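Student: Got a sequence here, can you model it:
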Amino acid sequence: MFLACVAFAQAAQSADSGIRFITDFPGGSVAARVAAACSDLNGQEGMVVIPASVSEGTVGAFPDNCTVLDLRGRSGPNQDGMEGQGWTKGLLLRGRYSRDESTIGHNKHLQPLHVHTDFWSGGNNDCCANGFLKSYVSGVASTLAAHTPGQKYSFWGWQSNFSDGDNIAGYFIAQDWGGTSATDDEGTIALRGQAYQMDTVFTAKVTANRSGVLSYSEASHEETRGEKRLLIVTSPAKVYSAGNVANITGAPPVVHGSGTAWAREFGAGAKSNVCFSLNSETQEGVKEVIPVASIESDTQLTLNHTLKARVQGWEVAHGGPYQIFRCGVVTALAESRGLTVAPYEDFAPGDTVEMPLAYNHVLIAGRITAKQQIRQIGNASIGLDVGNVGSYRMDRGVNIVGRFKRGITLSPLLPDDQASTEAAIHYSGKAPATMLRVWDPQTDNFISFLQTLENHNVSPVDFGFDRKTASWQFQTNRNAFASISDTGVARFSGGVVAPTYQTRLATPASSQQTCAPGQMWADANYVYVCTAPNTIKRAALNTF
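Tutor: Residues are numbered from 1 along each chain as shown. Next up, the predicted model:
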């Protein structure tokens, strides 16, 4: 549609149309013709178009206040402005501004492209009593579907600043005069990201196998197919599940079976057509399927368990029921009802197949990377800055909700960084009522988790109030333990060492008074010790 508009403008071009095609201007190079077309705009707002038919050539430093649309699909400038080093294919829109800021006006914005949308009336934000009747509107939308390997971006921004001034790659402002009428996560949000590993998988029935080129029917979720993904045979007669997995150990993970006959079923040695799945790792019907690297015996096999080209162990030594599938790797996709797989010998007409999710997957909902190259002045460098400049306090500065092995992790990049890190968590300001609080809903306890540093060896410390024993407790991973009950009774696992020791003077009622071994008393004349249950002995005190 956009190219059709350009073609229409070319046909109707006039002196005041605001659109110039460089093919209508003389010059010995593309740069000269672009400069001539920009000059012909005579300072007015407009656009210069380079048609796809124009031969190779750089645009050069064209005049100020000129926007250039390049339709040739050739490499443009990179993030540093160097020609022929940037992106290829598609439309290339260029802008160049060389006037002094004072001639433009204070707080004015310059851009070669400005998109404005006015969502005026007729919208809905109803949920959920009357059904889901929510209207969605976007100023700019981008969708991308990738079925082949590579690094993908729906939006890519890269800028370079070679002078003074703020350098902000992305800036978003969300202003709000209205309210929220729907449930869940609705609100005024300046930046929001969602990263999902999906729960739908491609399934089908094989109709033909022509040396690895499979045709199929009864396809479900065909849009989720991808190259370099596993394809497994799920026909019950071809799935092996005899016996159980006893345990999984080591890196790479070695699976030990009980009542299994893996070598007899699939043959011993290296494998490229066998895949393993543990039933307990299937979540909401989605299998975790891992290639088998080799089968050593009827009761032992090794998994090809890698992530980011590194061999990984199995975090938890699970066991129990399992499944072993015949499988291959998809090498090419047809537009519909076809794909190529290798090895292919195990796929036969009538087989049901499934393309499971990739097991070697890393999910990161948001990532911020900063590079501090020279010494900072003061405390100006910040990895993540969250601020509230309003009159009322926000309920949470940072909120983390869901299933996490670790909520927040700080990992110095280099070994020396541990010594230079002053504090993992630093608080500056008026001391709050509680500095750090962690609530365990299973035990109904409030616990603080702290870290101490002793000769650069980190020793974890747990400190908090245990409601079950009604005492404050302090414990390290070296089995040192101390507690103070709410009645004032103190207990120490390793004894008490101090320059002086003071106790209240008291005299037991008798030598058979109720007591526990180890209890002690003292008065002006004797020291009393409980040596056995309900047995007290004493020693006289003398001057010296």
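Student: hey, let's count contacts and neighbours off CA atoms from now on
Tutor: Noted.
Student: Tell me where the stretch 201-350 of the chain is predicted with low confidence.
Tutor: 308, 316-317 (pLDDT under 70).
Student: which residues of it fall in strands?
Tutor: Listed in chain order, the strands found in the stretch 201-350 of the chain under DSSP state E, counting those that start in this stretch are 202-210, 213-220, 230-233, 244-249, 254-258, 269-270, 274-278, 290-297, 300-303, 306-307, 310-311, 322-333, 338-342.
Student: Compare those and give me the one nearest residue 171.
Tutor: Among the strands of the stretch 201-350 of the chain, the nearest to residue 171 by CA to CA is strand 306-307 (33.7 Å).
Student: Parallel or antiparallel, which strands does that closest one pair with?
Tutor: Strand pairing for strand 306-307, determined by DSSP bridges: strand 310-311 (antiparallel).
Student: Show me what the partner strand is in contact with.
Tutor: 251-252, 304-305 (CA atoms under 8 Å, 6 or more residues apart in numbering).
Student: Dump those residues into JSON lines; add distance to residue 298 as well.
Tutor: JSON lines is the format used below for the contacts of strand 310-311 (distance: CA to CA, whole Å):
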{"residue": "251", "distance to residue 298": "20"}
{"residue": "252", "distance to residue 298": "18"}
{"residue": "304", "distance to residue 298": "18"}
{"residue": "305", "distance to residue 298": "20"}
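Student: now residue 502: how far from residue 367?
Tutor: For residue 502, the distance to residue 367 equals 56 Å [CA to CA, to the nearest Å].
Student: ditto for residue 70
Tutor: From residue 70 across to residue 367, the span is 33 Å (CA to CA).
Student: ditto for residue 335
Tutor: Distance from residue 335 to residue 367, counting by CA to CA: 34 Å.
Student: okay, the two: which has more neighbours?
Tutor: More crowded of residue 335 and residue 367, by other CA atoms under 10 Å: residue 335, with 8 against 5.
Student: Just to be sure, residue 37 is in a strand?
Tutor: No. Using DSSP: H, G, I helix; E, B strand; the rest coil, the assignment for residue 37 is helix, not a strand.
Student: per-residue pLDDT, it?
Tutor: Residue 37 carries a pLDDT value of 91.
Student: Name all residues that make contact with it.
Tutor: 20-22, 25, 48.
Student: just to revisit the earlier point, mind checking which of the strands of the stretch 201-350 of the chain is nearest residue 109?
Tutor: strand 306-307 (44.7 Å).
Student: can you list contacts of the closest one?
Tutor: Here strand 306-307 has contacts from 252, 312, 360-361, using CA under 8 Å, 6+ apart.
Student: and if you look at stretch 232-251?
Tutor: Stretch 232-251 is touched from outside by 254-261, 275, 311-314, 316-328, 346-347, 351-356, with contacts defined as CA under 8 Å, 6+ apart.
Student: distance of residue 119 from residue 136?
Tutor: Noted for residue 119: a distance of 10 Å to residue 136, by CA to CA.
Student: which of the contacts of strand 306-307 count as buried?
Tutor: 252, 312 (16 or more other CA atoms under 10 Å).
Student: now, which of the contacts of strand 306-307 sits nearest residue 174?
Tutor: Distance ranking of the contacts of strand 306-307 against residue 174, using CA to CA, places residue 361 first at 32.7 Å.
Student: With adjacent residues omitted, what lies nearest to residue 95?
Tutor: Distances taken as CA to CA, 6 or more residues apart in numbering place residue 67 nearest to residue 95, at 4.6 Å, with adjacent residues excluded.
Student: Okay, and that neighbour sits in which element?
Tutor: Applying DSSP states H and E as the criterion places residue 67 in strand 66-70.
Student: For the stretch 251-400 of the chain, which segments are assigned as helices?
Tutor: Along the stretch 251-400 of the chain, the segments classed as helices by DSSP state H, counting those that start in this stretch run 262-266.
Student: what about stretch 68-84, how long is it end to end?
Tutor: So stretch 68-84: terminal residues 16 Å apart, CA to CA.
Student: my bad, stretch 72-92
Tutor: 8 Å.
Student: what number of residues lie near the spatially closest residue to residue 126 that is not a sequence neighbour?
Tutor: Spatially, and ignoring its direct neighbours in sequence, residue 126 is nearest to residue 133 (5.1 Å; CA to CA, 6+ apart). Neighbourhood size, residue 133 [other CA under 10 Å]: 14.
Student: List the contacts of the closest residue to residue 41 other than its chain neighbours.
Tutor: Once flanking residues are discounted, residue 41 sits nearest to residue 18: 6.8 Å by CA to CA, 6+ apart. Shown in contact with residue 18 (CA under 8 Å, 6+ apart): 41, 44-47.
Student: can you pull the pLDDT of residue 18?
Tutor: pLDDT, read off for residue 18, is 83.
Student: Can you verify my assumption that the residue nearest to residue 95 contacts residue 92?
Tutor: No. Counting by CA atoms under 8 Å, residue 67 sits too far from residue 92 to count as a contact (10.5 Å).
Student: When the two are compared, which one has more neighbours?
Tutor: The neighbour count for residue 67 versus residue 92, taken as other CA under 10 Å, is higher for residue 67 (23 against 18).
Student: Much appreciated, bye for now.
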